[in-house]
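Engineer: structural data only, the sequence is not supplied:
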């Protein structure tokens, strides 16, 4: 259908690509497909009874407020709870440093909106989170990339990148999406020291920090940055903006995340958010506060860890058991994903079609590389499918890969 | 606190002004202030019991889906319901023409994002909706304005505007925000005929269409546009994009609205929305569908109309009773607002401070005029305060205005 709108799209829509993940998810939603493609939490872990209780309490005791317009910054008790929890991890902030966003995706979009001019350089790990690429492409960002190994971004080549003039550095230090790799303590220190030496601020994206299945918790980048200046107790320097989400510890359907930033940045983010959606659902925020502001959350997160650890282990075992020589994969200590590499001559976006025919799905790794490359890689999610299906799915995937190797 | 972010804001943040309404709302939230400032629905009309029932049903019967990630387009049954309801008003569309947004504000932002290049001209009524101004300023829009009288935008001067080269026309035909004025049937026809003659598409924003308190329902602009081409039954031509919301008929705290557009435009909007917030809260959408997909909605909307009509009448009577000579106001046939003009030498943004001291608040009219002017005007909301408070508030306001006239 021809309409008057056809010739009227803005130039920036040329840069708005469809999200590969979300387009693929449509294919992978076919019945009988075992999908390792999405980043979906296990729905059987959603605390549905807690949500029922919370809905009842919120609607009975504060229904008129929970259904009314709210402030752009977010529900004050929720912001205070987040500030209080952050301080447990050594991030010394108040609620004035916290803004609630409609999912982490909105945090990334708003950061792009207030910081990125066309042509600005942003350092990202390669591969990096597809949602960030998608959000920032709309603002005409230029990516500078840094490779990774088992200890995260390779900080020994960071300095050459810093000398190119960066607007900011974007890092996912814990169980990175898509690789599952964790930035080591030593490299975290190197990152903040070098970023400080060059005066370049950092965006730390930490959706999975609480989902660690082995090893010791590592301090967030924002805390290490604060410690650089610390006399006794580190105070928040504001040079690292930190973002996290309720999607992985409560439920993604609420679309609730948050940003920690200096008050001036929060003010700009609030102004930008006013123009984007006025504010995040008050109802979602009230309910999340009811559910999350409880000692019970610890038990809940422990239960999530237990289930996901089991699934990760089964996926690792199955890969070991079924995959042919030449296939390699990461061994994540937490999070939702691992990352597999096939022999260099294979293209996972081609293999994807045979895989879906064989009723198993993954995300081809190419799109996670903002400057191209990685055609032989893939992201595998281990949080969503149940153990038997993980085993069966990896077996199917191995068969498809073997056929392609031959 | 100085941080590394201070010197790094994007150029476009110069254009992001703080929303006057939202900043003022903070002042007007002081205790004892009778506020005619916000656009808040009457919270005592929120169907809290229906929300309780719906939460229970949704969480019990489909909790895992309602709390999981969803599609960017929105919850399919909700989109189908909206398409079906639209057809009752003569808009012949399918669910493929509908996208769910996080409030109307997001619909306006996404339309700006996919259509407005820096310097593009958009025709708006003057005064017009502040949220549209705020959303589109971020994309570097240039406004072309058209004045209004009691029959809405003055279409006799439309042609000179069309000849300036417009990206699109933005119109709120029913009980416009901020003036409360309705575009007459004849002018609606003139608008679509002239827009068609010049090949300029239209965005029709209709948040209050169902809240009519007197007179006959007028066909939406989108329907009149379709009729131009109609042989027997008008089909959707796609030249008018239509947007509406659940905020005024259910509850604004859900942040749920929708856009009706050609499928190609929906595809672009979906791609843009993916980068902005992935999708709107699945939980909110499931609950809204449960509540709204019922014959009971008719009763509910009738109840809202009854209450708001009464409040409008009391505000009109009180204005008549208390306001000094030289103050004029509109007589809205529906919606939430009326518009008052003081003598030309008065500035309502100055009077605002004395008003808040006298414990009554309104929104100064200046910011609703994208090219300036209107300093002697104000917007008054009549949906939120109860009858006695409306009477008392208008009395207080009249006293303040009298003091300023002398």
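Structural biologist: Everything's here; your move. Just so it is clear, the structure is predicted and the values come from calculations on it, not from any experiment.
Engineer: only C-alpha atoms for contact and neighbour calcs from this point on.
Structural biologist: Will do.
Engineer: which sections of chain A are below the confidence cut-off?
Structural biologist: A:15-25 (pLDDT under 70).
Engineer: list the buried residues for the lengthiest helix in it?
Structural biologist: Criterion DSSP state H: the longest helix present in chain A is helix A:296-322. Residues of helix A:296-322 classed as buried by neighbour count (16 or more other CA atoms under 10 Å in any protein chain shown): A:300-301, A:304-305, A:307-316, A:318-319, A:322.
Engineer: check which helices and strands that helix sits against.
Structural biologist: helix A:387-405 (3 or more CA pairs under 8 Å, 6 or more residues apart in numbering or on different chains; DSSP states H and E).
Engineer: ok, and what's touching the helix it packs on?
Structural biologist: Helix A:387-405 is contacted by residues A:34-35, A:310-311, A:314-315, A:318-319, A:322-324, A:343, A:346, A:351, A:354-355, A:358-360, A:382 when judged by CA atoms under 8 Å, 6 or more residues apart in numbering or on different chains.
Engineer: over to stretch A:143-160?
Structural biologist: Stretch A:143-160 has contacts (CA under 8 Å, 6+ apart) with A:121-127, A:161, A:173, A:181-184, A:187, A:190-191, A:194, A:330, A:370-371.
Engineer: in stretch A:344-351, what's buried?
Structural biologist: For stretch A:344-351, by 16+ other CA under 10 Å, it's A:346-349, A:351.
Engineer: now swap in stretch A:324-344 and tell me
Structural biologist: The neighbour-count check on stretch A:324-344 (16+ other CA under 10 Å) flags A:327-342 as buried.
Engineer: next: stretch A:141-149.
Structural biologist: A:141-146, A:148.
Engineer: among these, which ones are in strands?
Structural biologist: A:142-146, A:148 (DSSP state E).
Engineer: which positions in the stretch 51-200 of chain A make contact with chain B?
Structural biologist: Contacts of the stretch 51-200 of chain A with chain B, taken as CA under 8 Å from any CA of the partner chain, map to A:51-52, A:55-56, A:59-60, A:63-70, A:102-106, A:109, A:113-117, A:131, A:134-135, A:167, A:199-200.
Engineer: filter the residues you listed down to the ones in strands?
Structural biologist: Short answer: these have none in strands (DSSP E).
Engineer: out of the buried residues of stretch A:324-344, which comes closest to chain B?
Structural biologist: For the buried residues of stretch A:324-344, the minimum distance to chain B (CA to the nearest CA) is 14.8 Å, reached by residue A:336.
Engineer: the closest one and residue B:211, how far apart?
Structural biologist: Distance from residue A:336 to residue B:211, counting by CA to CA, to the nearest Å: 47 Å.
Engineer: can you check residue A:103 too?
Structural biologist: 32 Å.
Engineer: residue A:357 too?
Structural biologist: Taken as CA to CA, the span from residue A:357 to residue B:211 is 52 Å.
Engineer: which one's more surrounded, those two?
Structural biologist: residue B:211 (23 against 12; other CA atoms under 10 Å in any protein chain shown).
Engineer: so who does the more buried one touch?
Structural biologist: B:301, B:304-305, B:334-335.
Engineer: closest one to chain A out of those residues, please.
Structural biologist: Chain A lies nearest to residue B:304 out of the contacts of residue B:211, by CA to the nearest CA, at 15.2 Å.
Engineer: state the phi and psi torsions of the residue lying closest to the closest one once chain neighbours are set aside.
Structural biologist: Excluding the flanking residues, the one nearest residue B:304 by CA to CA, 6 or more residues apart in numbering or on different chains is residue B:45, at 6.9 Å. With angles defined as degrees, to the nearest 10, residue B:45 shows backbone torsions of phi -90, psi -10.
Engineer: so what does the residue sitting nearest the centre point of chain A have for phi and psi?
Structural biologist: When CA atoms, centre = their mean is applied to chain A, the residue found nearest the centroid is residue A:207 (5.0 Å). Main-chain dihedrals, residue A:207, degrees, to the nearest 10: phi -70, psi -20.
Engineer: wait, doesn't it sit right on residue A:243?
Structural biologist: Yes - here residue A:207 reaches residue A:243: they are 7.4 Å apart, a contact under CA atoms under 8 Å.
Engineer: coming back round to it: next secondary structure element downstream of the longest helix of chain A?
Structural biologist: strand A:328-329 (DSSP states H and E).
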